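> generate coordinates for the sequence data below:
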Amino acid sequence: MTVFEIDCRGLNFKAVNREIKKAAERGEKHLRLLNVNGQRYICGGLKGEVKVEIHGFPGNDLGIFMDGPMVEVYGNAGDGVGNTMNSGHIIVHGDVGDVVGYSMRGGRIYVRGNAGYRLGIHLKEYGEKKPIIVVGGEVGDFLGEYMAGGVVVVLRLESDGAIESRFIAAGIHGGRIFVRGRIDENRLGFGAAVSDLSEEDYGLLEELVRDFCRVMKCSSRGVSSEEFVKIIPVSKRPFEKLYHQTSIKVP
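Numbers count the residues shown, from 1 in each chain. Reported below is the predicted structural model:
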């Protein structure tokens, strides 16, 4: 397949996205972006079956509102990767910033390295759409905050012992989080609880670990589904009591 290259050196984010859109509309199926240096919103709103390689550092909101494409980053990426993404794949061979997968509605995000704060915040699912995020390294505080659906897996491939992130799954009211290693329950946020894994959970983890390691070209040896802790919501309305209306007498 022919690869169409776009040199992004010196281009602002509007020019970069304009070139991507023009190439996709022409029917190009494989794009390679070179010399990317912090441009925001790359592949924003892009649709269809197109693969986009990114060489360099994409800025915030990579793949925002994306619907279908495969985006592969050979390096690190900024905050907000996959913001409100509808479908498609984003693969990052380095680290990512904060709020990755914010309000993501479908598709998959794989991160080889570490992620910042609030990974998977407001993740949601509807019907057949079930977003999935897999991180190979460590994550920051507020993992899965206000999650309403989907699946987050934190592999911690190069770590042992208990996860150090705080306020895990604060306000979660849907979806599942799987963390490899131990979790001290005082690290959980309000509304979150640890649960036993089901047979379906074990099967899902095996499939995701295998697929992640295939994409990242790493070994899945020594990663057993038995090592994971499952985190789920205690309730679908964890803050219900805060919003009870009370009658107020007006003098």
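
> now for Asp201: which residues touch it?
Asp201 makes contacts with Arg176, Phe178, Ser225, Lys230, as judged by CB atoms under 8 Å, 6 or more residues apart in numbering. Using the backbone N, CA and C atoms, a C-beta is placed for each residue, glycine as well.

> also Ala192?
Contacts of Ala192 (CB under 8 Å, 6+ apart): Gly144, Ile168, Ala169, Ala170, Ile172, Ile231, Ile232, Pro233, Val234.

> and if you look at Gly68?
Gly68 neighbours (CB under 8 Å, 6+ apart): Leu46, Lys47, Gly48, Glu49, Val50, Asn86, Ser87, Gly88.

> of the residues you listed, buried ones?
Neighbour-count burial (16 or more other CB atoms under 10 Å) applied to those gives Leu46, Lys47, Val50, Asn86, Ser87, Gly88.

> how close does Glu125 get to Ser103?
11 Å (CB to CB, to the nearest Å).

> do Gly189 as well
Distance of Gly189 to Ser103, given as CB to CB: 18 Å.

> and those two? Which one has more around it.
Gly189 (21 against 17; other CB atoms under 10 Å).

> what about Leu157, distance to His55?
If you go by CB to CB, the gap between Leu157 and His55 works out to 24 Å.

> again, but for Val100
20 Å.

> compare the two (neighbour count), which wins?
Val100 (31 against 16).

> surely Ala24 is within a helix?
Yes - assessed by DSSP: H, G, I helix; E, B strand; the rest coil, Ala24 belongs to a helix.

> helices of the stretch 51-200 of the chain, residue ranges please.
199-216 (DSSP state H, counting those that start in this stretch).

> strands of that one, start to end?
Taking DSSP state E, counting those that start in this stretch as the criterion, the stretch 51-200 of the chain contains strands spanning 51-57, 67-74, 87-92, 108-111, 132-135, 148-154, 174-180, 192-195.

> and the longest one with helix 199-216, angle?
Angle between the axes of strand 67-74 and helix 199-216 is 60 degrees (criterion: axes from the mean of the first three to the mean of the last three CA atoms, to 10 degrees).

> so where is this structure shaky, pLDDT-wise?
242-251 (pLDDT under 70).

> which of the contacts of Ala192 sits closest to Ile132?
Gly144 (12.7 Å; CB to CB).

> quick one, what contacts that closest one?
Leu119, Gly120, Ile121, Leu123, Val152, Ile168, Ala169, Ile172, Gly175, Ile177, Ala192, Ile231.

> circling back: in JSON lines, list the contacts of Gly68 along with distance to Asp61.
Shown next, in JSON lines, are the contacts of Gly68 (distance: CB to CB, whole Å):
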{"residue": "Leu46", "distance to Asp61": "12"}
{"residue": "Lys47", "distance to Asp61": "16"}
{"residue": "Gly48", "distance to Asp61": "19"}
{"residue": "Glu49", "distance to Asp61": "22"}
{"residue": "Val50", "distance to Asp61": "18"}
{"residue": "Asn86", "distance to Asp61": "14"}
{"residue": "Ser87", "distance to Asp61": "17"}
{"residue": "Gly88", "distance to Asp61": "14"}
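
> what's the closest of those residues to Val36?
Of these, the one sitting nearest to Val36 (CB to CB) turns out to be Leu46, at 14.9 Å.

> for Gly107, see how far away that closest one is.
To Gly107, Leu46 is 12 Å away according to CB to CB.

> overlap in contacts, the two.
Met66.

> just to revisit the earlier point, want to throw the strands of the stretch 51-200 of the chain into a markdown table with distance to Asp201?
Shown next, in a markdown table, are the strands of the stretch 51-200 of the chain (distance: least, CB to CB, whole Å):
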| stretch | distance to Asp201 |
| --- | --- |
| strand 51-57 | 31 |
| strand 67-74 | 27 |
| strand 87-92 | 22 |
| strand 108-111 | 17 |
| strand 132-135 | 13 |
| strand 148-154 | 9 |
| strand 174-180 | 7 |
| strand 192-195 | 9 |
